[in-house]
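A.B. asks: Structure, please.
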Amino acid sequence: MELLALAQAGDVTRPTFWRIGHVGEAVFYYLAAVAIAIFAVGVYERFANYARGTDDWFERLDNLPGRVVRAAKVVGSNEKQFDRDLYGGLMHAFILWGFLTLLIGTTILMIDMDLWTKALGQDSFFVGDFYLSYSLVMDAMGLLFVVGVGMAIYRRYWVRNHRLWGKHTSAEDDLFIWTLFLLGTGGYVTEGVRILGTGVPEFADVSFVGLFVAGALQMTGVTQSTAAAWYPVTWWSHALLALAFVASIPYAKPFHMLSSFANVVTHDEKAGKRLPGVPEDASPDEIGATDIDDFSWRQLLDQDACTKCGRCSSVCPAKASDRPLDPRDVILDLKQYREDLDAGRTEEKPIVADGGASVIDSETMESCMSCMACMDACPVDIEHLTSFTDMNRRLTESGQMDENVQDAMMNIFQNGNSFGDPERTRPNWTDDLDFEVPDAREESVEFLWYVGDYPSFDERNRRIARSLATILHEADVSYGILYEDEQAAGNDVRRVGEEGLYEMLVEDNVAAFDQCDYEKIVCTDPHAYNTFENEYPEMDEEFDAAVYHYTQVVEELFREGRLGLSGSELDYTVTYHDPCHLGRYNDEYEAPRDIVRATGCELDEMPRNRANSFCCGGGGGGLWMDFDEDPKPSEERIREALEDTDAGPGVDKFVVACPMCMTMYEDGRKTGGYEDDIEIVDVAELVVDALGAEERVAVAS
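C.D. replies: Numbers count the residues shown, from 1 in each chain. Below you'll find the predicted structure:
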């Protein structure tokens, strides 16, 4: 029936306080005021608590209108909820938009009753077409809300999705989801009882869910008089539950509705790829997280924004390898400790230490690979890596760093490389080439090539360095290297917590760069590429070089026709692994793939690719550590290449674009028993193979 026809009398509406009476109405307003006051005090205390954290609030509030617009888009579209989880995205979208519609509808009703009619003395606008349209929208969106909550209940209790259960799963989670369900269904029960109690008026058709409930009640024998008599009970039950929910928001899981949005608003787009520095005047005891007040206000907000969804845990390669790390548990352990400390339920203890007498154990932090998979998967922009790095800094400053990592740090400090080899031997990889590698210290070049530690000192990775040198030589690129003046870039030095050594490396490398006349920097290693691109400018304001990963440069050479390949030179079936620091950190996914296809290879993607790539295990110092894990991340990734790609065992080569990945996968190929099944090659090696110059770089070491 058309809305206009239903509103023919012009005064179609419903009384909000039907059968509640003036006393009941006064009691409701009193309880509502109390609930709102409790809510306001709780929100104030929550946000005032963030003032205990370090850092300037305004650093995260630049361009606030733009930040709010972005947050509204991210949250409103549920784009991160849909990422890799269609069911979860639909479920959350139904709940979010249903809840927001009900909230807006309640606000409109409040404006009409309390401001428009009572305060301003105007005639109610909650009549006629407006009321009918309102009722239709509220019923439709309310139903969407109930369906969404029902989907959540089904996933949690029937399917028992593994992500939703863990160390911090508690009765609070049950109370939250069932309260939402009762609020949604209770509203329809109240509406159905009212419709039946008022004799099922003709215009009730627009309240189609409430009308259905009224019909169901009639079928069970409920009469109009019975419904009218019971209406105050259902109304008060629904109203009291709603007010209790409002009052509880700042004190329990519902607070994520506010904190999550605030987290998205204050998100740093470069979080993780660019770590916060250490104040120049900080003493050793002040570096890193010693107690809860050492975390920034944004890190405290991270803890409150966590919804326990487990998306970070499900993509964490450390957790998948049975290392003692669950990123969700770390964030929630810190939150639980902070709340217990504030409530007097626990005594102060170190945030992170070895031996279990701290909030977080040192082995947990050492397990992090700094792959940023957790941050990429998080729907509310929690910046796990910044908190993890602060705890690693504390371990470093207190002398609790992993022994193997300590050795690597000492090698870098003394010799400028993690191998501990003399600096003069860094350019030895060039000796077996049949051409001279230019010295950027002696001539002007377009590209200053930062070779990196592993391509310079590791025998397997030296072949990658020779391959890239051959490509640049064949394409007649103007380039040069620093020879023995090159130092470790420091990306992973910083991520294991050795900030002082990192700052020294920045100073030394920038000084070496300044001695050269160049236009751009090209890196073999994505880790170096990341820190030069995102962190060096923060450390040295005068460092403003254009930085590239070598695949970006080689892909440009292909497009310019400077390598002379027809695109049909090779006929391998290959799969490509996205390095974390090239892909997830810096959004470069296509250049390596374009190169692979240009060589004539058939590219067969693994199920986990691009932003969803699975870490090799080498980042965050993992390359220097010994872990008792089965399977290793590298073994699992090779298994995926052989079993889960379309070509399966038909994949000839596993292609990488990172020296660390090469090292980890060569190790995984051996320990996993895959030596006869697949070959690990770098993109540069594939290009050299296509150029027919493979023998020129495959020299004996």
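A.B. asks: got the CA coordinates for stretch 436-456 in PDB?
C.D. replies: Taking Å, rounded to 0.1, in the frame of the first residue of the first chain, the C-alpha atoms of stretch 436-456 are listed here in PDB:
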ATOM      1  CA  GLU A 436      84.400  -3.100 -14.500                       C
ATOM      2  CA  VAL A 437      81.700  -2.000 -12.100                       C
ATOM      3  CA  PRO A 438      81.800   1.800 -11.900                       C
ATOM      4  CA  ASP A 439      82.800   3.600  -8.700                       C
ATOM      5  CA  ALA A 440      80.300   6.200  -7.800                       C
ATOM      6  CA  ARG A 441      82.900   7.900  -5.600                       C
ATOM      7  CA  GLU A 442      84.900   8.800  -8.700                       C
ATOM      8  CA  GLU A 443      82.400   9.600 -11.400                       C
ATOM      9  CA  SER A 444      78.900  11.200 -11.800                       C
ATOM     10  CA  VAL A 445      76.200   8.600 -12.200                       C
ATOM     11  CA  GLU A 446      72.400   8.500 -12.700                       C
ATOM     12  CA  PHE A 447      72.000   5.600 -10.200                       C
ATOM     13  CA  LEU A 448      73.900   5.100  -7.000                       C
ATOM     14  CA  TRP A 449      73.500   1.400  -6.500                       C
ATOM     15  CA  TYR A 450      73.300   0.300  -2.900                       C
ATOM     16  CA  VAL A 451      74.300  -3.400  -3.100                       C
ATOM     17  CA  GLY A 452      73.700  -4.400   0.500                       C
ATOM     18  CA  ASP A 453      75.300  -6.900   2.900                       C
ATOM     19  CA  TYR A 454      74.000 -10.200   1.600                       C
ATOM     20  CA  PRO A 455      74.600  -9.600  -2.100                       C
ATOM     21  CA  SER A 456      78.100  -8.400  -1.100                       C
END
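A.B. asks: what about that stretch, average pLDDT?
C.D. replies: Mean pLDDT, stretch 436-456: 98.
A.B. asks: For it, what is the distance to the chain centroid?
C.D. replies: In terms of C-alpha atoms, centre = their mean, to the nearest Å, the centre of stretch 436-456 is found 35 Å from the chain centre.
A.B. asks: same deal with stretch 279-290?
C.D. replies: Stretch 279-290 has its average C-alpha position 27 Å from the chain's average C-alpha position, going by C-alpha atoms, centre = their mean.
A.B. asks: Kindly report the same for stretch 615-629.
C.D. replies: The chain centre lies 21 Å from the centre of stretch 615-629; the measure is C-alpha atoms, centre = their mean.
A.B. asks: now the end-to-end length of it.
C.D. replies: 14 Å (C-alpha to C-alpha, to the nearest Å).
A.B. asks: backbone phi and psi for residue 296, please?
C.D. replies: Dihedral pair for residue 296: phi -70, psi 160, per degrees, to the nearest 10.
A.B. asks: So it sits against residue 53, correct?
C.D. replies: Yes. Using C-beta atoms under 8 Å, residue 296 is in contact with residue 53, at 4.9 Å. Where you see a C-beta, it was placed from the backbone N, CA and C, and this is true even at glycine.
A.B. asks: Compare the two (neighbour count), which wins?
C.D. replies: Of the pair residue 296 and residue 53, residue 296 is the one with more neighbours under other C-beta atoms under 10 Å, namely 22 against 17.
A.B. asks: Please name the bridge partners of that one.
C.D. replies: residue 54 (DSSP bridges).
A.B. asks: Can you name the residues that contact it?
C.D. replies: 53-55, 276, 386 (C-beta atoms under 8 Å, 6 or more residues apart in numbering).
A.B. asks: With residue 661 instead?
C.D. replies: The contact partners of residue 661, by C-beta under 8 Å, 6+ apart, come to 577, 579, 616, 618.
A.B. asks: how about those in CSV, adding pLDDT, secondary structure and neighbour count?
C.D. replies: As requested, those are exported to CSV (pLDDT from 0 to 100; DSSP: H, G, I helix; E, B strand; the rest coil; neighbours: other C-beta atoms under 10 Å):
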residue, pLDDT, secondary structure, neighbour count
577, 98, coil, 28
579, 98, coil, 32
616, 97, coil, 30
618, 96, coil, 29
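A.B. asks: Need the residues you listed in CSV (columns: distance to residue 353).
C.D. replies: Putting the contacts of residue 661 into CSV (distance: C-beta to C-beta, whole Å) gives the following:
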residue, distance to residue 353
577, 35
579, 32
616, 29
618, 26
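A.B. asks: show me where pLDDT drops low in the chain?
C.D. replies: The chain contains residues with pLDDT under 70 at 1-10, 55-58, 566-568, 694-701.
A.B. asks: just the strands in it please.
C.D. replies: 352-353, 360-361, 445-450, 479-480, 518-523, 546-549, 573-576, 602-603, 653-656, 679-682 (DSSP state E).
A.B. asks: hmm, who's touching the first one?
C.D. replies: Judged by C-beta under 8 Å, 6+ apart, the contacts made with strand 352-353 from elsewhere in the structure are 289, 358-362, 364-365, 391, 394-395, 398, 400.
A.B. asks: What strands flank that strand, and is each parallel or antiparallel?
C.D. replies: Here, using DSSP bridges, strand 352-353 pairs with strand 360-361 (parallel).
A.B. asks: One more: the third one?
C.D. replies: Sheet neighbours of strand 445-450, with direction, are listed as strand 479-480 (parallel), strand 518-523 (parallel) (DSSP bridges).
A.B. asks: any idea which of those strands is most buried?
C.D. replies: With neighbours defined as mean count of other C-beta atoms under 10 Å, the strands paired with strand 445-450 peak in mean count at strand 479-480, which reaches a mean of 22.
A.B. asks: Off-centre distance for it?
C.D. replies: Worked out by C-alpha atoms, centre = their mean, strand 479-480 lies 37 Å from the chain centre.
A.B. asks: so what's residue 589 closest to, chain neighbours aside?
C.D. replies: residue 610 (4.8 Å; C-beta to C-beta, 6 or more residues apart in numbering).
A.B. asks: before we move on, what about residue 424?
C.D. replies: residue 484 (5.2 Å).
A.B. asks: Could you do residue 615 as well?
C.D. replies: Nearest residue to residue 615 in three dimensions, chain neighbours excluded: residue 371, at 3.7 Å (C-beta to C-beta, 6+ apart).
A.B. asks: Now do that neighbour: how many residues are near it, please.
C.D. replies: 29.
A.B. asks: what's near enough to touch residue 280?
C.D. replies: Per C-beta under 8 Å, 6+ apart, neighbours of residue 280: none.
A.B. asks: Quick check: it vs residue 525, distance?
C.D. replies: Distance of residue 280 to residue 525, computed by C-beta to C-beta, to the nearest Å: 29 Å.
A.B. asks: Over to residue 172?
C.D. replies: Residue 172 is 45 Å from residue 525, where distance means C-beta to C-beta.
A.B. asks: List the contacts of residue 245.
C.D. replies: 179, 183, 254.
A.B. asks: what would these look like in a markdown table with neighbour count?
C.D. replies: Formatted as a markdown table, these follow (neighbours: other C-beta atoms under 10 Å):
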| residue | neighbour count |
| --- | --- |
| 179 | 20 |
| 183 | 19 |
| 254 | 18 |
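A.B. asks: who's in contact with the closest residue in space to residue 677 that isn't next to it in sequence?
C.D. replies: Distances taken as C-beta to C-beta, 6+ apart put residue 642 closest to residue 677, at 5.8 Å, once the chain neighbours are dropped. Going by C-beta under 8 Å, 6+ apart, residue 642 touches 648-649, 651, 674, 677-678.
A.B. asks: ok, now residue 563?
C.D. replies: Contacts of residue 563 (C-beta under 8 Å, 6+ apart): 471, 474-475, 554, 557, 687, 691.
A.B. asks: any idea how far residue 579 is from the nearest residue to residue 614 once chain neighbours are set aside?
C.D. replies: With C-beta to C-beta, 6+ apart as the criterion, residue 614 has its nearest non-adjacent residue at 4.8 Å, and that residue is residue 608. Distance of residue 608 to residue 579, given as C-beta to C-beta: 13 Å.
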